[in-house]
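Chemist: sequence first, predicted model second:
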Amino acid sequence: MSEAPILYWMRRDFRLHDNPALASAAGRPVIPVVIRDATVRALGAAPAFRFGRAVEDFCKNLDPRGGQVVLRTGDALEVLEALIAETGATRVVWNRLYDPQAQDRDSRIKAALKAKGIEVESFNAHLLFEPWTVETGTGGFYRVYTPFWRAVRDRDVPSPMATPSLAFPDSWPNSEPLGDWGLGAKMQRGAEVVERHFLLGEAAALNRLTTFLENRVARYKDERDFLDLDATSGLSEPLAYGEISPRQCWHAGWRAMDGAGGKGAEHFLKELVWREFAYHLMFHSPHILKDSWRPEWESFPWSAEGDGEVAERWRRGETGVEIIDAAMRELYVTGRMHNRARMLVASYLTKHLMVDWRVGRDWFAETLTDWDPASNAMGWQWVAGSGPDAAPFFRIFNPETQAEKFDRKGVYRNHWLRGAGARDFAAAIPKSWTIRENPRPMISLSEGRERALSAYKALKS
């Protein structure tokens, strides 16, 4: 082809449908590019492993269409400049990310390329409502979810785009082998176990959305908290890697609400907006990723032990509290954790054990295949009490009563502590770990609660 190609820089948008940056390249030869820069190299074990599989699956989707994905390692600007020189590309496109590191990097790259006469354009593909488009009546950003939901509920969201007709160059620049990137190396022997639980790729995500809305959504509001039921959408993983678009989920959810989905579909839409709210907060107050959102919480008297033996027993599912240990094993084996269980393990770590929420944030960033920077940070701070619109610190989940309510027959606990899940856990963990059978609780639930409340009262006074 005689036309100059377009470089399409992929980050977390591994899909063909409803992909604005990719659609903007239609009619010109397009070269998809994935760059292993510092942000990719910094990914935790499970997110890096899953990222590599997302790249691999997208490559397979392009292959029948005559396309490829060029893989390069290095500083993103330097890689793009090299590819421009090699291919004669005159335009670079990407879909936007919203964490502060990506924002700074992308702004720097856009300015540098434009200064050299390269056309650069970015698009929204990751969110329904970009953070700067939603304001309170006084012009600030929302700090509480419910008003945020009311503000966006009836907004127009563009319909999803169809898969574009793509053209590709006659010759391709050199590409690094994906296997050389070693994205699954940190998983060790757990890789084979965790991979069985992936919801991988665009086709699987779209099928899961359809199945959920046709068969489960009407019961979603009533059943989503039960640990032994497959009652949730399961779409957090493909949303994290852009294998499905939030707009696709939004419009499908509205159709279900207008049909038989009713209140269940509305609650599904609210969960999509909860994800949006996390990005809204991250964009407007980026310190939420690293520091307590409420400044006074920086002086909260977390356990002096810090990230020590107590936290390690929590990570390994050896707390002696069955519902907590079952959930931590689910995380290690599947790379995911039921949302109700996430709240329980976070509450137990930060309140009963008095361990800093950042320890839990870091472990989730290492082990979640659906890891998302905004949702992870907000979720931990919401439970810990240090974040915006947080659960009050005195709301301390009792793991035993929660287990009685949401795992009535013990199916979830038995699976992960005594059944097939326990065997998978033994196969996935490092050989250096030993499994403590029926460990004694580290602290009584009543003692842990009282200690946490005393610390909270000291902070308030």
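Modeler: Cool, got the structure. Residues are numbered from 1 along each chain as shown.
Chemist: what segments of the stretch 51-200 of the chain are helices?
Modeler: Remark: helices assigned in the stretch 51-200 of the chain by DSSP state H, counting those that start in this stretch are 76-87, 100-115, 145-152, 190-195.
Chemist: contacting residues around the lowest-mean-pLDDT helix or strand in the chain?
Modeler: Counting by mean pLDDT, DSSP states H and E, the weakest-scoring helix or strand in the chain turns out to be helix 445-460, with a mean of 90. Here helix 445-460 makes contact (Cβ atoms under 8 Å, 6 or more residues apart in numbering) with 296-297, 299-301, 321, 351-354, 385, 393-394, 396, 398-400, 443. To be clear about C-beta, it is placed using only N, CA and C from the backbone, and glycine gets the same treatment.
Chemist: returning to what we had before: and the helices of the stretch 51-200 of the chain as TSV, adding distance to Asn215 and mean pLDDT?
Modeler: Listed next are the helices of the stretch 51-200 of the chain as TSV, based on distance: least, Cβ to Cβ, whole Å; pLDDT from 0 to 100:
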stretch	distance to Asn215	mean pLDDT
helix 76-87	42	98
helix 100-115	36	98
helix 145-152	26	96
helix 190-195	25	96
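Chemist: now tabulate these in CSV and tack on mean neighbour count.
Modeler: Shown next, in CSV, are the helices of the stretch 51-200 of the chain (neighbours: other Cβ atoms under 10 Å):
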stretch, mean neighbour count
helix 76-87, 18
helix 100-115, 15
helix 145-152, 16
helix 190-195, 18
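Chemist: make TSV from those helices and add distance to Phe277 to it.
Modeler: Shown next, in TSV, are those (distance: least, Cβ to Cβ, whole Å):
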stretch	distance to Phe277
helix 76-87	29
helix 100-115	17
helix 145-152	5
helix 190-195	29
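Chemist: out of these, nearest to Lys409?
Modeler: Checking the helices of the stretch 51-200 of the chain against Lys409 by Cβ to Cβ gives helix 190-195 as the closest, at 25.6 Å.
Chemist: domain parsing for the chain?
Modeler: Taking automatic domain parsing as the reference, the chain has its domains at 1-125, 127-158+200-284, 295-460.
Chemist: among those domains, which is nearest Gly179?
Modeler: domain 1-125 (8.9 Å).
Chemist: quickly find the element holding Asp222.
Modeler: Assigned by DSSP states H and E, Asp222 belongs to helix 220-223.
Chemist: need the longest helix for the chain.
Modeler: Longest helix of the chain, by residue count under DSSP state H: helix 262-284.
Chemist: out of the domains of the chain, which is closest to Asp170?
Modeler: Closest of these to Asp170 is domain 1-125, at 5.9 Å (criterion: Cβ to Cβ).
Chemist: from the chain's centroid, how far away is the closest one?
Modeler: From the chain centre to the centre of domain 1-125 is a distance of 20 Å (Cα atoms, centre = their mean, to the nearest Å).
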